[in-house]
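J.: please find the sequence and the predicted model below.
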Amino acid sequence: MMKSSRLVPGFMVCILCSIACLNEAAAREDTTVNNKPTPVIIFDTDMGNDIDDALAQVMALRASAAGRIQFPLVTSSNASPWAVPGIQAILKYYKQDSVEVGGCAATIGLAHGAFTQKIAEEMHLPASEARDAVKLLRKVLHEQKDGSVRVVVTGFSTNLAILLDTEANHEGDAIPLSGKDLIRQKVEFLSMMAGDSERPEFTEFNVKENIPAARKVLAEWPTPVYISGYEIGSRVFSRGDLLQKTLLPDNPVWVAYKTFFQDVLKDKKWDRPSWDQTAMLWALEPDKGHFDLKGPGTIEVGEKGETLFSENRPSSPARYFLRFKDSLPSEKIEEILQSWYAEPGTELKTGG
Ligand SMILES: [Ca+2]
């Protein structure tokens, strides 16, 4: 059952002001800054295993709709046949179904499809066995301006590890660069939800489900890598009662959110950590100072999937863990994230 408590009106006003500020800021930032190309977000997600991926996708869609980024591609690391149509259902609702979607290149790791199947079927989208994520990653990277792409991975590193190993003219694609050279040329940085910077012995889910892939990406990815560890997202919550007021009832993200809590978690408290959204926030606004950084350094993946940070042996390029700033504790990050989710017009649902 949905919680019946209502928001404090002042808090709601604050959120709605934040939404307005976000839209105004988007308009201001629409123009190219410092002659740098508009950032391009490529989102690689295990959509279907947890609900935070869906909210991270909403953030990219809203930034794209405001002209702040380009958003040409989502790839799945969840091998469920419902992952791709689930992602497409959200794109369709947000009227951005020209975004390409690639299916997981290998069947590795947990592949839940509970909420993705529901939202796909409601949108009359069929299951998909496509395994074309790496093919699409190469094609879309090749099409972008040099240094413009920010890759956000909020699931397993499966697709990115395979991409790293591709040769020039992979499967006859006529792209004259290896995967590693393509990344080096096109990608500004990688933002990952993975690991834990406070508990080196902890084996975080995204790493544990494909340890060799995470190890390969952290060792070989030829750009800076920023990691939002378990300890960041687990202190920042998405709130069911707030989402119910700020997402329209037919929004597949809201349908997915309800389905996840009712059918998967079977939990009556509809609040969930924001692991994936914090990684997306960093990719969307790296210059806004939302987080401090631990690093640069090396992050190695241990035998059981531990993420071992070493500041004394800096790698080139650098790896960083995000850290909370004293001036922006988890509650403040939570407010910032909520301002990204709310649909225009949802103030009508709040009753003032
Ligand atoms: Ca995820």
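T.: Perfect, I can see it now. Residues are numbered from 1 along each chain as shown.
J.: around the ion, pick out the residues from this protein.
T.: Counting by C-beta under 5 Å from the ion, the positions of the chain adjacent to the ion are 46, 53, 154-155, 276. In this view, the C-beta of every residue, glycine as well, is placed from N, C-alpha and C.
J.: mind running it again at 8 Å?
T.: 45-47, 49-50, 52-53, 56, 154-155, 193, 206, 275-276 (C-beta under 8 Å from the ion).
J.: buried residues in stretch 99-110?
T.: For stretch 99-110, a neighbour-count test (16 or more other C-beta atoms under 10 Å) marks 99-106, 108-110 as buried.
J.: with only the CA atoms kept, save that stretch in CSV.
T.: Provided in CSV are the C-alpha atoms of stretch 99-110 (Å, rounded to 0.1, in the frame of the first residue of the first chain):
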residue,chain,number,x,y,z
VAL,A,99,17.2,7.0,-29.2
GLU,A,100,18.8,3.6,-30.2
VAL,A,101,18.8,0.7,-27.8
GLY,A,102,21.3,-2.1,-27.8
GLY,A,103,20.7,-5.6,-26.3
CYS,A,104,23.3,-7.1,-23.9
ALA,A,105,26.2,-8.5,-25.9
ALA,A,106,26.6,-11.5,-23.6
THR,A,107,24.3,-13.4,-21.2
ILE,A,108,26.2,-12.8,-18.0
GLY,A,109,24.7,-11.7,-14.6
LEU,A,110,21.3,-11.3,-13.1
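J.: tell me the mean pLDDT over it?
T.: Mean pLDDT, stretch 99-110: 97.
J.: same question for stretch 217-224.
T.: So the average pLDDT for stretch 217-224 ends up being 96.
J.: end to end on it, go ahead and measure it.
T.: 11 Å (C-alpha to C-alpha, to the nearest Å).
J.: what lies in contact with the lengthiest strand in the chain?
T.: In terms of residue count, the longest strand belonging to the chain (DSSP state E) is strand 291-301. Strand 291-301 has contacts (C-beta atoms under 8 Å, 6 or more residues apart in numbering) with 195, 197, 207, 211, 214-215, 218-219, 224-227, 232, 278, 282, 307-315, 318-325, 328.
J.: tell me which stretches of the stretch 151-300 of the chain form helices.
T.: Assigned by DSSP state H, counting those that start in this stretch, the helices in the stretch 151-300 of the chain fall at 158-164, 179-186, 205-208, 211-220, 230-233, 240-246, 252-259, 275-284.
J.: buried ones only from the contacts of strand 291-301, please, as a PyMOL command.
T.: Buried residues among the contacts of strand 291-301 (16+ other C-beta under 10 Å), as a PyMOL selection:
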select buried, resi 195+197+207+211+214+215+218+224+225+226+227+232+278+282+307+309+315+318+319+320+321+322+323+324+328
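J.: in strands only, show me the contacts of strand 291-301.
T.: Residues of those located in strands (DSSP E): 225-227, 307-310, 319-324.
J.: quick one: residues contacting the residue in the stretch 101-250 of the chain that the ion sits nearest to.
T.: Across the stretch 101-250 of the chain, the shortest distance to the ion (C-beta to the ion) belongs to residue 154, at 4.1 Å. Contacts for residue 154 (C-beta under 8 Å, 6+ apart) come out as 43-46, 52-53, 56, 192-193, 206, 275-276, 279-280.
J.: in JSON lines, list these along with neighbour count.
T.: Shown next, in JSON lines, are those (neighbours: other C-beta atoms under 10 Å):
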{"residue": "43", "neighbour count": "31"}
{"residue": "44", "neighbour count": "28"}
{"residue": "45", "neighbour count": "30"}
{"residue": "46", "neighbour count": "29"}
{"residue": "52", "neighbour count": "25"}
{"residue": "53", "neighbour count": "32"}
{"residue": "56", "neighbour count": "28"}
{"residue": "192", "neighbour count": "32"}
{"residue": "193", "neighbour count": "32"}
{"residue": "206", "neighbour count": "27"}
{"residue": "275", "neighbour count": "25"}
{"residue": "276", "neighbour count": "29"}
{"residue": "279", "neighbour count": "29"}
{"residue": "280", "neighbour count": "30"}
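J.: can you pull out the low-pLDDT segments for this structure?
T.: For the chain, applying pLDDT under 70 flags the ranges 1-34, 313-315, 347-352.
J.: circling back to that earlier point, for the ones in strands among the contacts of strand 291-301, which one is nearest the ion?
T.: Nearest member of the ones in strands among the contacts of strand 291-301 to the ion, counting by C-beta to the ion, is residue 227, at 13.6 Å.
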